[in-house]
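Q: From the sequence below, what's the structure:
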Amino acid sequence: MLHCFLLDCSASMRNDGNLARAKGLLLALMQEAYQRRDHVALLCFAGDVVELRLPPRRASAWNDDWITPIAAGGGTPLALGVRRADQLLAKSGTRQNWLWVLTDGRSSESPERPGAADVVCVVDFEAARLPLHRARQLAENWDARYLAADGA
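A: Below is the predicted model of the structure:
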């Protein structure tokens with residue numbers, strides 16, 4: 001099983017400590033994958049870039065040192081991130097592919113559901129006074145699992 005994490009590192013994720021909370025959840029999910037002997041991958045997207053921070057590999061014990069340097073800034077290239085995650089999952093060769101999208105949903109893009117993902121989970125970090133609910137809408141459009149970060 002491969003868990004591909006797509007982490008929104010756009011400027012809006014700096015607000016209210018959302019990126020820090022997303023990193024904490026990411027570490028917890030990676031620890032669970034390690035305990036189950038699953039494989040993991042991490043893609044970060046911001047500005048006009050999607051960066052493969054961790055290529056697919058068997059999960060190992062994690063600490064904060066490797067995740068601390070991940071910073072936020074720029075726009076939210078959600079569609080580009082989803083395309084890259086779909087490509088990565090399509091090449092994985094694993095029995096089951098999970099895509100975890102950790103985002104505040106502050107993107108006007110509405111990409112298609114990635115076909116190579118067997119299971120998709122959208123984790124919503126939106127904490128705005130006037131929420132847009134775009135992450136929830138994305139999950140609904142994709143028939144994906146939706147988790148509010150506060151309850152994840």
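
Q: pretty sure residue 133 is in contact with residue 140, am I right?
A: No - using CB atoms under 8 Å as the test, residue 133 is too far from residue 140 to be in contact (9.5 Å). C-beta: built from backbone N, CA, C; applies to glycine.

Q: Give the residues shared as contacts by the two.
A: Common contacts of residue 133 and residue 140 (CB atoms under 8 Å, 6 or more residues apart in numbering): none found.

Q: who are the neighbours in contact with residue 55?
A: Applying CB under 8 Å, 6+ apart, one finds that residue 55 lies in contact with residue 41.

Q: Tell me the secondary structure at it.
A: Three-state assignment for residue 55 (DSSP: H, G, I helix; E, B strand; the rest coil): strand.

Q: For residue 80, see how far away it is.
A: 18 Å (CB to CB, to the nearest Å).

Q: Next: residue 8.
A: For residue 8, the distance to residue 80 - CB to CB - is 12 Å.

Q: what sits in contact with each of those two?
A: Going by CB under 8 Å, 6+ apart, residues that sit against residue 8 and also against residue 80 are residue 45.

Q: Who has more neighbours out of the two?
A: Ranked by neighbour count (other CB atoms under 10 Å), residue 8 and residue 80 place residue 8 first, with 27 against 17.

Q: Quick check: closest non-adjacent residue to the more buried one.
A: The shortest distance from residue 8 to any non-neighbouring residue, by CB to CB, 6 or more residues apart in numbering, is to residue 103 (3.8 Å).

Q: what about the one you found, how many neighbours?
A: Residue 103, neighbours per other CB under 10 Å, totals 28.

Q: pLDDT score for it?
A: As predicted, residue 103 sits at a pLDDT of 96.

Q: Contacts only, for it.
A: By CB under 8 Å, 6+ apart, the contact set of residue 103 is 6, 8, 13, 76, 78, 122, 123, 124, 125, 135.
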